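[1] sequence and predicted structure are below.
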Amino acid sequence: MIPPVANRFVAGERAIEALEYARRLDREGVVPLLNLLGSHHDDRASVEADAAEYRALADRLATLEGEAAISVKPTQLGLDLDDSVFRGELKRIVSRGRDRDVFVWLDMEEHGTIEATLEAAVDLAAAYGDGIGVCLQADLYRTREDFDRLADTDAALRLVKGGAYPRPEAIAHTDPDRRDRAYRTLLERAFQRRDRAIAVATHDPDMIEYAQELGRRHDTDFEIQMLMGVRPDAQRELAREYDLSQFVPYGERWKRWVLNRGKRNVGFAARAVGETMIPGNRVS
């Protein structure tokens, strides 16, 4: 059972709980973006089970009044097993999402998975049009070239400052000021090159304000993406004027998520996990 404080960041352990939360967001005019927690599956059964749940989510989310989306991780769909396994499961999810008018976002994981993730996004965007989006991380040196590769495709772009995984200074900006400058540059290039399908995924008020300025300057619509439980008042206010999607994680693997993500934004998130764990046990 998820404790009350952690419930701020995770919608529940079961799909039915996440779907009920998604319905509440839908009534508030916020786009639910559901993610089944999990990654790096090393057996085919786990891959197939999670992929099947994502297809079922697309079916259920299609009943909402407004828009809805799901967000998947490549290693959750078998990338660690074989690229063809990952491609096959992702294709089936995107196809189902396309049929149900449920958008599919492809998360970005460790830097070793970037090339396979981008190749899949480009290929599926060509096959399914605007039914898929992928994340670009501003802190990576390679992102300038990756943006050029994706800018003229039908894939939507989720623009973030950096990833949740550590990476060496040889491949990424590790200084916060340099990372912020890289993010501003990525936003500028996106609004200059694209007239749609831009998702600004950040909780930084300054960056959101800058995106708003760029949107007015280029007369370009965009959406804002934020995490469940982070700056909820700001989310409600922004949703009155802008398209806003909320990333809604759920699943039995919630402890790792609350530690790794919630701790970055709200200090007491880690305490919520600690209250439910035996000291010394490894987080799973």
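    Right, received. Where do you want to start?
[2] so which residues of the stretch 101-250 of the chain form helices?
    In the stretch 101-250 of the chain, the helices defined using DSSP state H, counting those that start in this stretch lie at 114-128, 143-150, 176-193, 205-218, 232-239.
[3] right, so of the ones you listed, which gets closest to residue 10?
    Comparing the helices of the stretch 101-250 of the chain against residue 10 with Cβ to Cβ, the closest turns out to be helix 232-239 (14.3 Å). Yep, even glycine has a C-beta here, placed from its N, CA and C like the rest.
[4] name the helices or strands packed onto that closest one?
    Here helix 232-239 touches strand 223-227, strand 243-250, going by 3 or more Cβ pairs under 8 Å, 6 or more residues apart in numbering; DSSP states H and E.
[5] those strands: which one's closest to residue 90?
    strand 243-250 (18.6 Å).
[6] mean confidence score for the closest one?
    Averaging pLDDT along strand 243-250 yields 98.
[7] quick one: low-confidence parts of the protein?
    For the chain, the stretches with pLDDT under 70 are 260-284.
[8] so where do the strands sit in it?
    31-36, 69-72, 103-106, 132-137, 156-160, 198-201, 223-227, 243-250 (DSSP state E).
[9] for these, give me TSV that also has mean neighbour count and distance to residue 177.
    Below are those laid out as TSV (neighbours: other Cβ atoms under 10 Å; distance: least, Cβ to Cβ, whole Å):
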stretch	mean neighbour count	distance to residue 177
strand 31-36	25	29
strand 69-72	24	29
strand 103-106	24	28
strand 132-137	24	17
strand 156-160	23	17
strand 198-201	24	19
strand 223-227	22	23
strand 243-250	23	26
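[10] number of nearby residues for the nearest residue to residue 189 once chain neighbours are set aside?
    The shortest distance from residue 189 to any non-neighbouring residue, by Cβ to Cβ, 6 or more residues apart in numbering, is to residue 147 (6.0 Å). Residue 147 has 19 neighbouring residues, counting by other Cβ atoms under 10 Å.
[11] how many residues are close by residue 119?
    Neighbour number of residue 119 under other Cβ under 10 Å is 13.
[12] how about the one 5 residues further on?
    One way to gauge burial is a neighbour count; for residue 124, by other Cβ under 10 Å, it gives 25.
[13] do the same with residue 5
    Residues near residue 5, counting by other Cβ under 10 Å: 19.
[14] please shift the residue numbers so they start at 27 in all later answers.
    Sure thing, new numbering starts at 27, so read that last one as residue 31.
[15] re the thing from before, residues contacting the residue nearest to residue 215?
    Counting by Cβ atoms under 8 Å, 6 or more residues apart in numbering, residue 173 touches 162, 183, 212, 215-216, 219.
[16] any chance of JSON lines for these, columns distance to residue 231?
    As requested, the contacts of residue 173 are exported to JSON lines (distance: Cβ to Cβ, whole Å):
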{"residue": "162", "distance to residue 231": "21"}
{"residue": "183", "distance to residue 231": "21"}
{"residue": "212", "distance to residue 231": "18"}
{"residue": "215", "distance to residue 231": "22"}
{"residue": "216", "distance to residue 231": "19"}
{"residue": "219", "distance to residue 231": "25"}
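[17] closest to residue 65 among these?
    residue 162 (18.9 Å).
[18] return the residues in contact with the closest one.
    134, 169, 172-173, 176, 183-186, 212.
[19] which one of the residues you listed is nearest residue 38?
    residue 184 (23.8 Å).
[20] for the helices and strands packed on helix 258-265, which one sits closest to residue 119?
    strand 269-276 (16.6 Å).
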